[in-house]
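Novice: With the input below, show me the fold.
(one chain, ligands or ions: 1)
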Amino acid sequence: MTSKTPPVLTRFLIEEQRAGHINPDLRLLIEVVARACKAISRSVNKGALGGVLGDAGTGNIQGEAQKKLDVLSNEILLDANEWGGHLAGCASEELDDFSEIPNPYPKGNYLLLFDPLDGSSNIDVNISVGTIFSVLRCPEGVEKLETQHFLQPGAKQVAAGYAVYGPSTMLVLTVGHGTHAFTLDREVGTFVLTERDIKIPEDTKEFAINMSNQRHWFPPMQKYVAELLEGKTGPRGKDFNMRWVASMVADVHRILSRGGIFIYPRDRREPDKPGKLRLLYEANPMSFIIEQAGGASTNGMQRIMDVQPEKLHERVAVFLGSKNEVELATRYHREAEQQAR
Ligand code: P6P
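Specialist: Okay, here's the model as predicted:
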(Lines give C-alpha, C1' and ligand atoms only; values in the text may rest on other atoms or scores of the structure.)
Protein backbone atom coordinates (compact mmCIF):
# COMPACT_ATOMS: atom_id res chain seq x y z
CA MET A 1 0.00 0.00 0.00
CA THR A 2 1.53 3.36 -1.01
CA SER A 3 0.26 6.95 -0.63
CA LYS A 4 -0.81 6.72 -4.31
CA THR A 5 -3.33 3.94 -3.55
CA PRO A 6 -6.87 5.13 -2.79
CA PRO A 7 -7.38 5.74 0.94
CA VAL A 8 -9.13 3.18 3.07
CA LEU A 9 -12.07 4.26 5.21
CA THR A 10 -9.93 4.77 8.33
CA ARG A 11 -7.60 7.18 6.53
CA PHE A 12 -10.54 9.01 4.93
CA LEU A 13 -12.12 9.47 8.38
CA ILE A 14 -8.84 10.66 9.94
CA GLU A 15 -8.61 13.27 7.17
CA GLU A 16 -12.24 14.31 7.77
CA GLN A 17 -11.39 14.66 11.46
CA ARG A 18 -8.30 16.77 10.66
CA ALA A 19 -10.54 18.96 8.46
CA GLY A 20 -12.82 19.51 11.48
CA HIS A 21 -15.79 17.74 9.81
CA ILE A 22 -16.08 15.01 12.48
CA ASN A 23 -14.77 14.38 15.99
CA PRO A 24 -13.09 11.18 17.31
CA ASP A 25 -16.35 9.78 18.75
CA LEU A 26 -18.19 10.16 15.43
CA ARG A 27 -15.18 8.67 13.64
CA LEU A 28 -15.35 5.64 15.96
CA LEU A 29 -19.12 5.37 15.42
CA ILE A 30 -18.73 5.25 11.62
CA GLU A 31 -15.87 2.73 11.83
CA VAL A 32 -17.96 0.50 14.11
CA VAL A 33 -20.99 0.65 11.81
CA ALA A 34 -18.78 -0.08 8.77
CA ARG A 35 -17.28 -3.10 10.55
CA ALA A 36 -20.79 -4.34 11.38
CA CYS A 37 -21.76 -3.96 7.71
CA LYS A 38 -18.78 -6.15 6.76
CA ALA A 39 -20.10 -8.85 9.12
CA ILE A 40 -23.60 -8.51 7.64
CA SER A 41 -22.14 -8.68 4.13
CA ARG A 42 -20.39 -11.95 5.01
CA SER A 43 -23.66 -13.49 6.22
CA VAL A 44 -25.70 -12.18 3.28
CA ASN A 45 -23.13 -13.44 0.78
CA LYS A 46 -23.16 -16.96 2.24
CA GLY A 47 -26.79 -17.30 1.06
CA ALA A 48 -28.16 -20.82 1.37
CA LEU A 49 -24.79 -22.08 2.57
CA GLY A 50 -25.02 -19.94 5.70
CA GLY A 51 -28.31 -21.34 6.99
CA VAL A 52 -29.61 -17.77 7.28
CA LEU A 53 -32.23 -17.62 4.51
CA GLY A 54 -35.97 -17.75 5.04
CA ASP A 55 -38.30 -16.42 7.72
CA ALA A 56 -37.37 -16.04 11.37
CA GLY A 57 -40.93 -16.95 12.40
CA THR A 58 -41.31 -13.56 14.12
CA GLY A 59 -42.79 -10.18 13.16
CA ASN A 60 -41.77 -6.57 13.77
CA ILE A 61 -43.70 -3.48 14.79
CA GLN A 62 -44.22 -2.70 11.10
CA GLY A 63 -46.40 -5.82 10.90
CA GLU A 64 -43.81 -7.45 8.62
CA ALA A 65 -42.61 -11.06 8.88
CA GLN A 66 -38.94 -10.92 9.85
CA LYS A 67 -36.35 -12.79 7.82
CA LYS A 68 -33.60 -14.60 9.74
CA LEU A 69 -31.13 -12.10 8.26
CA ASP A 70 -33.25 -9.16 9.49
CA VAL A 71 -32.87 -10.43 13.06
CA LEU A 72 -29.18 -11.33 12.65
CA SER A 73 -28.29 -7.98 11.05
CA ASN A 74 -30.10 -6.13 13.83
CA GLU A 75 -28.18 -8.08 16.49
CA ILE A 76 -24.86 -7.47 14.73
CA LEU A 77 -25.43 -3.69 14.73
CA LEU A 78 -26.63 -3.57 18.35
CA ASP A 79 -23.76 -5.73 19.65
CA ALA A 80 -21.15 -3.76 17.67
CA ASN A 81 -22.33 -0.42 19.08
CA GLU A 82 -22.87 -1.16 22.76
CA TRP A 83 -19.31 -1.06 24.18
CA GLY A 84 -17.62 1.91 22.44
CA GLY A 85 -18.94 4.74 24.61
CA HIS A 86 -19.98 6.76 21.53
CA LEU A 87 -23.74 6.19 21.66
CA ALA A 88 -26.58 7.21 23.98
CA GLY A 89 -28.91 4.78 22.24
CA CYS A 90 -30.12 3.14 19.03
CA ALA A 91 -33.42 2.89 17.14
CA SER A 92 -34.05 0.15 14.62
CA GLU A 93 -36.77 -0.81 12.17
CA GLU A 94 -36.71 -4.20 13.87
CA LEU A 95 -37.24 -2.90 17.44
CA ASP A 96 -40.56 -1.59 18.76
CA ASP A 97 -38.81 0.93 21.05
CA PHE A 98 -35.34 2.45 21.11
CA SER A 99 -32.48 0.53 22.73
CA GLU A 100 -30.38 2.13 25.50
CA ILE A 101 -26.68 1.40 25.87
CA PRO A 102 -26.57 -1.32 28.55
CA ASN A 103 -24.66 -0.92 31.80
CA PRO A 104 -21.71 -1.15 32.54
CA TYR A 105 -20.86 0.52 29.21
CA PRO A 106 -20.42 4.33 29.15
CA LYS A 107 -22.91 6.38 27.19
CA GLY A 108 -21.93 8.86 24.47
CA ASN A 109 -23.39 11.84 22.65
CA TYR A 110 -24.83 10.23 19.52
CA LEU A 111 -28.02 8.45 18.52
CA LEU A 112 -27.82 5.77 15.82
CA LEU A 113 -30.94 4.88 13.83
CA PHE A 114 -30.96 2.12 11.25
CA ASP A 115 -32.77 -0.28 9.01
CA PRO A 116 -30.45 -3.25 9.50
CA LEU A 117 -31.43 -5.04 6.31
CA ASP A 118 -33.57 -3.08 3.89
CA GLY A 119 -35.26 -4.95 1.05
CA SER A 120 -34.98 -8.24 2.91
CA SER A 121 -37.87 -9.72 0.91
CA ASN A 122 -35.31 -9.90 -1.92
CA ILE A 123 -32.79 -12.00 0.00
CA ASP A 124 -34.31 -15.39 -0.80
CA VAL A 125 -34.20 -14.54 -4.52
CA ASN A 126 -30.61 -13.30 -4.42
CA ILE A 127 -31.27 -9.64 -5.23
CA SER A 128 -29.20 -6.81 -3.70
CA VAL A 129 -30.19 -5.64 -0.21
CA GLY A 130 -28.61 -3.16 2.17
CA THR A 131 -28.19 -1.51 5.56
CA ILE A 132 -29.25 2.13 6.03
CA PHE A 133 -28.11 4.27 8.98
CA SER A 134 -28.56 7.80 10.32
CA VAL A 135 -26.67 9.60 13.10
CA LEU A 136 -28.11 12.36 15.30
CA ARG A 137 -26.67 14.18 18.30
CA CYS A 138 -28.30 13.28 21.59
CA PRO A 139 -29.74 16.54 23.00
CA GLU A 140 -27.58 18.17 25.68
CA GLY A 141 -28.13 17.30 29.32
CA VAL A 142 -30.31 14.22 28.77
CA GLU A 143 -30.27 12.15 31.95
CA LYS A 144 -32.86 9.59 30.86
CA LEU A 145 -33.11 8.79 27.16
CA GLU A 146 -36.63 8.95 25.78
CA THR A 147 -38.23 8.44 22.36
CA GLN A 148 -38.69 12.18 21.93
CA HIS A 149 -34.89 12.60 21.77
CA PHE A 150 -34.86 10.63 18.50
CA LEU A 151 -37.65 12.72 16.95
CA GLN A 152 -35.39 15.25 15.22
CA PRO A 153 -35.78 16.53 11.62
CA GLY A 154 -33.40 15.00 9.09
CA ALA A 155 -31.62 18.35 8.79
CA LYS A 156 -30.15 17.62 12.25
CA GLN A 157 -28.28 14.52 11.03
CA VAL A 158 -24.49 14.65 11.47
CA ALA A 159 -23.84 11.57 9.32
CA ALA A 160 -25.75 9.08 7.19
CA GLY A 161 -24.90 6.14 5.00
CA TYR A 162 -25.82 2.82 3.56
CA ALA A 163 -24.10 -0.42 2.70
CA VAL A 164 -25.33 -2.15 -0.46
CA TYR A 165 -24.73 -5.92 -0.59
CA GLY A 166 -24.63 -6.45 -4.34
CA PRO A 167 -22.11 -7.86 -6.85
CA SER A 168 -19.69 -5.89 -4.69
CA THR A 169 -20.32 -4.62 -1.17
CA MET A 170 -20.17 -0.82 -1.07
CA LEU A 171 -20.47 1.73 1.71
CA VAL A 172 -21.85 5.16 0.79
CA LEU A 173 -21.33 7.87 3.40
CA THR A 174 -21.85 11.54 4.10
CA VAL A 175 -20.81 13.57 7.14
CA GLY A 176 -22.23 16.74 5.59
CA HIS A 177 -19.29 17.44 3.27
CA GLY A 178 -20.18 15.59 0.09
CA THR A 179 -21.21 11.99 -0.57
CA HIS A 180 -18.49 9.38 -0.98
CA ALA A 181 -18.43 5.68 -1.94
CA PHE A 182 -16.17 2.91 -0.68
CA THR A 183 -15.84 -0.62 -2.08
CA LEU A 184 -15.09 -3.58 0.19
CA ASP A 185 -11.78 -5.26 -0.62
CA ARG A 186 -12.58 -8.70 0.76
CA GLU A 187 -8.98 -9.92 0.51
CA VAL A 188 -7.77 -7.20 2.89
CA GLY A 189 -11.12 -6.70 4.69
CA THR A 190 -11.20 -2.92 4.28
CA PHE A 191 -13.47 -0.40 2.57
CA VAL A 192 -11.48 1.48 -0.10
CA LEU A 193 -12.52 4.95 -1.34
CA THR A 194 -13.64 4.39 -4.95
CA GLU A 195 -15.65 7.57 -5.59
CA ARG A 196 -15.14 10.91 -3.83
CA ASP A 197 -17.77 13.66 -3.89
CA ILE A 198 -20.41 11.97 -6.08
CA LYS A 199 -22.67 14.29 -8.10
CA ILE A 200 -26.09 13.20 -9.37
CA PRO A 201 -27.07 14.45 -12.87
CA GLU A 202 -29.76 17.14 -12.41
CA ASP A 203 -31.88 15.65 -15.22
CA THR A 204 -32.75 12.06 -16.00
CA LYS A 205 -34.58 9.67 -18.31
CA GLU A 206 -35.10 6.96 -15.72
CA PHE A 207 -37.77 6.60 -13.04
CA ALA A 208 -38.22 4.07 -10.25
CA ILE A 209 -41.72 3.31 -8.97
CA ASN A 210 -43.92 0.27 -8.32
CA MET A 211 -46.31 0.66 -11.30
CA SER A 212 -48.64 -2.04 -9.97
CA ASN A 213 -50.01 0.60 -7.58
CA GLN A 214 -50.91 3.01 -10.40
CA ARG A 215 -54.71 2.69 -10.03
CA HIS A 216 -54.42 3.76 -6.37
CA TRP A 217 -52.44 6.96 -6.94
CA PHE A 218 -53.82 10.45 -6.40
CA PRO A 219 -54.25 12.76 -9.47
CA PRO A 220 -50.85 14.55 -9.38
CA MET A 221 -49.06 11.20 -9.39
CA GLN A 222 -51.29 9.96 -12.23
CA LYS A 223 -50.50 13.11 -14.23
CA TYR A 224 -46.76 13.04 -13.55
CA VAL A 225 -46.27 9.37 -14.50
CA ALA A 226 -48.65 9.56 -17.49
CA GLU A 227 -46.39 12.26 -18.96
CA LEU A 228 -43.31 10.08 -18.40
CA LEU A 229 -45.05 7.23 -20.26
CA GLU A 230 -46.06 9.50 -23.16
CA GLY A 231 -42.33 9.94 -23.78
CA LYS A 232 -41.08 11.84 -26.84
CA THR A 233 -44.60 12.51 -28.19
CA GLY A 234 -45.80 13.94 -24.87
CA PRO A 235 -45.13 17.15 -22.93
CA ARG A 236 -41.77 15.88 -21.67
CA GLY A 237 -40.43 15.55 -25.23
CA LYS A 238 -38.20 12.60 -24.33
CA ASP A 239 -38.58 8.87 -23.73
CA PHE A 240 -38.09 7.48 -20.21
CA ASN A 241 -36.93 4.09 -18.95
CA MET A 242 -38.16 2.40 -15.76
CA ARG A 243 -36.36 0.40 -13.09
CA TRP A 244 -37.84 -1.01 -9.84
CA VAL A 245 -35.68 -3.37 -7.76
CA ALA A 246 -38.00 -3.13 -4.72
CA SER A 247 -34.91 -2.70 -2.59
CA MET A 248 -34.56 0.99 -1.73
CA VAL A 249 -30.79 0.77 -1.22
CA ALA A 250 -30.30 -0.77 -4.69
CA ASP A 251 -32.60 1.73 -6.41
CA VAL A 252 -31.05 4.71 -4.61
CA HIS A 253 -27.53 3.48 -5.36
CA ARG A 254 -28.35 3.29 -9.08
CA ILE A 255 -29.80 6.81 -8.95
CA LEU A 256 -26.76 8.12 -7.08
CA SER A 257 -24.55 6.47 -9.71
CA ARG A 258 -26.34 7.59 -12.92
CA GLY A 259 -29.32 9.78 -12.05
CA GLY A 260 -33.04 9.01 -11.85
CA ILE A 261 -36.02 9.60 -9.63
CA PHE A 262 -37.24 7.20 -6.92
CA ILE A 263 -40.88 7.57 -5.89
CA TYR A 264 -42.97 5.86 -3.23
CA PRO A 265 -46.09 8.04 -2.91
CA ARG A 266 -49.01 7.85 -0.52
CA ASP A 267 -52.13 6.44 -2.22
CA ARG A 268 -55.87 5.97 -1.83
CA ARG A 269 -55.66 2.52 -0.21
CA GLU A 270 -54.82 4.17 3.12
CA PRO A 271 -55.22 7.94 2.51
CA ASP A 272 -54.19 8.75 6.11
CA LYS A 273 -50.96 6.77 5.78
CA PRO A 274 -48.33 9.25 4.52
CA GLY A 275 -46.40 6.58 2.60
CA LYS A 276 -44.67 3.21 2.96
CA LEU A 277 -41.09 4.13 3.75
CA ARG A 278 -39.93 5.08 7.23
CA LEU A 279 -38.85 8.66 7.85
CA LEU A 280 -36.20 8.35 10.54
CA TYR A 281 -34.07 5.45 9.28
CA GLU A 282 -34.83 5.21 5.57
CA ALA A 283 -35.98 8.52 4.06
CA ASN A 284 -33.89 10.89 6.20
CA PRO A 285 -30.51 9.17 5.72
CA MET A 286 -31.16 8.63 1.99
CA SER A 287 -32.21 12.29 1.67
CA PHE A 288 -29.02 13.50 3.37
CA ILE A 289 -26.91 11.34 1.03
CA ILE A 290 -28.81 12.48 -2.07
CA GLU A 291 -28.78 16.20 -1.16
CA GLN A 292 -25.05 16.08 -0.44
CA ALA A 293 -24.64 14.70 -3.99
CA GLY A 294 -26.58 17.65 -5.48
CA GLY A 295 -29.93 15.84 -5.70
CA ALA A 296 -33.26 16.66 -4.05
CA SER A 297 -35.66 14.79 -1.77
CA THR A 298 -39.23 15.74 -0.87
CA ASN A 299 -42.42 14.13 0.37
CA GLY A 300 -44.26 15.65 -2.59
CA MET A 301 -44.90 18.87 -0.68
CA GLN A 302 -41.77 19.78 1.29
CA ARG A 303 -38.11 18.86 1.77
CA ILE A 304 -38.07 15.54 3.64
CA MET A 305 -35.26 16.71 5.92
CA ASP A 306 -37.50 19.53 7.17
CA VAL A 307 -40.28 17.17 8.31
CA GLN A 308 -40.67 17.21 12.11
CA PRO A 309 -41.10 13.54 13.18
CA GLU A 310 -43.95 12.75 15.59
CA LYS A 311 -43.33 8.99 15.99
CA LEU A 312 -40.29 6.71 15.92
CA HIS A 313 -41.59 4.52 13.07
CA GLU A 314 -43.33 7.32 11.20
CA ARG A 315 -43.76 6.78 7.47
CA VAL A 316 -43.38 9.33 4.68
CA ALA A 317 -43.91 9.66 0.92
CA VAL A 318 -40.60 9.82 -0.93
CA PHE A 319 -39.60 11.63 -4.16
CA LEU A 320 -35.81 11.66 -4.39
CA GLY A 321 -33.04 11.82 -6.99
CA SER A 322 -32.18 14.10 -9.91
CA LYS A 323 -32.92 17.64 -8.74
CA ASN A 324 -34.94 18.93 -11.70
CA GLU A 325 -37.11 15.80 -11.89
CA VAL A 326 -37.89 15.84 -8.16
CA GLU A 327 -38.76 19.54 -8.38
CA LEU A 328 -41.19 18.90 -11.27
CA ALA A 329 -42.97 16.02 -9.52
CA THR A 330 -43.15 18.10 -6.32
CA ARG A 331 -44.53 21.10 -8.25
CA TYR A 332 -47.41 18.93 -9.59
CA HIS A 333 -48.28 17.88 -6.03
CA ARG A 334 -48.12 21.42 -4.64
CA GLU A 335 -50.29 22.73 -7.52
CA ALA A 336 -52.88 20.00 -6.85
CA GLU A 337 -52.85 20.95 -3.17
CA GLN A 338 -53.40 24.63 -4.03
CA GLN A 339 -56.29 23.79 -6.37
CA ALA A 340 -57.91 21.58 -3.72
CA ARG A 341 -58.08 24.49 -1.24
P1 P6P B 1 -42.97 -2.65 -2.79
C2 P6P B 1 -38.49 -2.95 0.98
O3 P6P B 1 -39.49 -3.70 1.64
C4 P6P B 1 -38.93 -1.50 0.98
O5 P6P B 1 -39.09 -1.04 2.27
C6 P6P B 1 -37.93 -0.67 0.19
O7 P6P B 1 -36.64 -1.16 0.29
C8 P6P B 1 -38.46 -0.75 -1.24
O9 P6P B 1 -38.14 0.39 -2.02
C10 P6P B 1 -39.97 -0.87 -1.05
O11 P6P B 1 -40.17 -1.39 0.28
C12 P6P B 1 -40.59 -1.81 -2.05
O13 P6P B 1 -41.99 -1.75 -1.86
O14 P6P B 1 -44.35 -2.18 -2.38
O15 P6P B 1 -42.64 -2.34 -4.21
O16 P6P B 1 -42.67 -4.09 -2.42
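Novice: remind me which residues of the stretch 201-341 of the chain are low pLDDT?
Specialist: Within the stretch 201-341 of the chain, no range satisfies pLDDT under 70.
Novice: what are the ranges of the strands in it?
Specialist: For the stretch 201-341 of the chain, the strands defined by DSSP state E, counting those that start in this stretch occupy 206-208, 241-242, 261-264, 277-278, 296-298, 315-316, 318-321.
Novice: I'd say residue 44 and residue 166 touch.
Specialist: No - Residue 44 is beyond contact range of residue 166, at 9.8 Å (criterion: Cβ atoms under 8 Å). C-betas here are computed from N, CA, C, even on glycine.
Novice: who's more crowded, those two?
Specialist: residue 44 (27 against 19; other Cβ atoms under 10 Å).
Novice: Could you look up the SS state of that one?
Specialist: helix (DSSP: H, G, I helix; E, B strand; the rest coil).
Novice: residue contacts, the closest residue to it other than its chain neighbours?
Specialist: Residue nearest to residue 44 in three dimensions, not counting chain neighbours: residue 165, with 4.5 Å by Cβ to Cβ, 6 or more residues apart in numbering. Remark: with contacts taken as Cβ atoms under 8 Å, 6 or more residues apart in numbering, residue 165 is in contact with 40-41, 44-45, 128-131.
Novice: cutoff 10 Å now
Specialist: 37, 40-45, 69, 73, 117, 119, 123, 127-131, 184, 247, 249-250 (Cβ atoms under 10 Å, 6 or more residues apart in numbering).
Novice: Quick check: beta-bridge partners of it?
Specialist: Bridge pairing for residue 165 (DSSP bridges) gives the partners residue 129, residue 169.
Novice: The residue nearest to residue 210 when sequence neighbours are not counted: how many residues sit nearby?
Specialist: Once flanking residues are discounted, residue 210 sits nearest to residue 244: 5.7 Å by Cβ to Cβ, 6+ apart. Using other Cβ under 10 Å, residue 244 has 15 other residues around it.
Novice: still on that earlier bit, check the contacts of residue 165 one by one and keep those near the ligand.
Specialist: 119, 247 (Cβ under 6 Å from any ligand atom).
Novice: Narrow the contacts of residue 165 to those that are buried.
Specialist: 37, 40-44, 69, 73, 117, 119, 123, 128-131, 184, 247, 249-250 (16 or more other Cβ atoms under 10 Å).
Novice: ranges for the helices of this structure?
Specialist: 9-18, 24-46, 68-81, 219-230, 248-258, 284-292, 323-340 (DSSP state H).
Novice: hmm, the shortest one touching the ligand?
Specialist: No - judged by Cβ under 6 Å from any ligand atom, helix 284-292 stays clear of the ligand, getting no closer than 10.0 Å.
Novice: Flag every buried residue along that helix.
Specialist: Those would be 284-292, for helix 284-292 by 16+ other Cβ under 10 Å.
Novice: same check, this time on the third one
Specialist: By neighbour count, and taking 16+ other Cβ under 10 Å as the criterion, the buried residues in helix 68-81 are 68-74, 76-78, 80-81.
Novice: How about the fourth one?
Specialist: Using 16+ other Cβ under 10 Å as the test for burial, helix 219-230 gives 220-221, 223-225, 227-228.
Novice: Tell me the residues of the stretch 101-250 of the chain that contact the ligand?
Specialist: 118-119, 121, 210, 246-248.
Novice: Can you flag the buried ones in the residues you listed?
Specialist: 118-119, 247-248.
Novice: Taking the stretch 1-150 of the chain, what residue is nearest to the ligand?
Specialist: Nearest to the ligand in the stretch 1-150 of the chain, going by Cβ to the nearest ligand atom, is residue 119, at a distance of 4.1 Å.
Novice: So which of the strands of the stretch 201-341 of the chain is the most surrounded?
Specialist: strand 318-321 (a mean of 30; mean count of other Cβ atoms under 10 Å).
Novice: and residue 68, what does it touch?
Specialist: Contacts of residue 68 (Cβ under 10 Å, 6+ apart): 43, 50-58, 120, 123.
Novice: sorry, back to before: surely the residue of the stretch 1-150 of the chain closest to the ligand meets residue 163?
Specialist: No - the pair residue 119 / residue 163 is not scored as a contact, 11.9 Å apart, by Cβ atoms under 10 Å.
Novice: overlap in contacts of the two?
Specialist: Common neighbours of residue 119 and residue 163 (Cβ under 10 Å, 6+ apart) are 129-130, 132, 249.
Novice: and these, which two are the farthest apart?
Specialist: 129 and 132 (10.4 Å; Cβ to Cβ).
Novice: Common neighbours of those two, please.
Specialist: Common neighbours of residue 129 and residue 132 (Cβ under 10 Å, 6+ apart) are 117-119, 163-164, 248-249.
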